[in-house]
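> got a structure for you, letters missing:
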């Protein structure tokens, strides 16, 4: 299973079963469901996700913190596809510190 978090972009050309989430709430719910099923292989994250339902900034960082706090990780190290360099670095730091992966990072430049 491939979970793709982005408020605007779509992903094309994948041969994986794909779930596109447009906000952090949907991504967290999807992670919870697929974690229980054991079908959680890939995750690609954007940082800047617009505003949440309360008008606050929504970010992929919320998803990464949820994963760290609940020890829910995909089988493969998450990919950060955000163009925001500060947001990318913050998410990478949490993944590198708490995720069950080596420190070879798979983020896109």
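Yep, that arrived. A quick note: this is a predicted structure, and the numbers were derived from the prediction, not measured.
> Is residue 20 in a helix, a strand, or coil?
strand (DSSP: H, G, I helix; E, B strand; the rest coil).
> State the number of residues packed around it.
16 (other Cβ atoms under 10 Å). To be clear about C-beta, it is placed using only N, CA and C from the backbone, and glycine gets the same treatment.
> what's the spacing between it and residue 100?
25 Å (Cβ to Cβ, to the nearest Å).
> what's the answer for residue 70, then?
13 Å.
> ok, now residue 33?
Taken as Cβ to Cβ, the span from residue 33 to residue 100 is 20 Å.
> In terms of packing, which of those two has more residues around it?
More neighbours surround residue 33 than the other of residue 33 and residue 100, with 13 against 10 (other Cβ under 10 Å).
> Surely that one is in a helix?
Yes: the assignment for residue 33 (three-state DSSP) places it in a helix.
> which residues does residue 30 contact?
Going by Cβ atoms under 8 Å, 6 or more residues apart in numbering, residue 30 touches 3, 19, 21.
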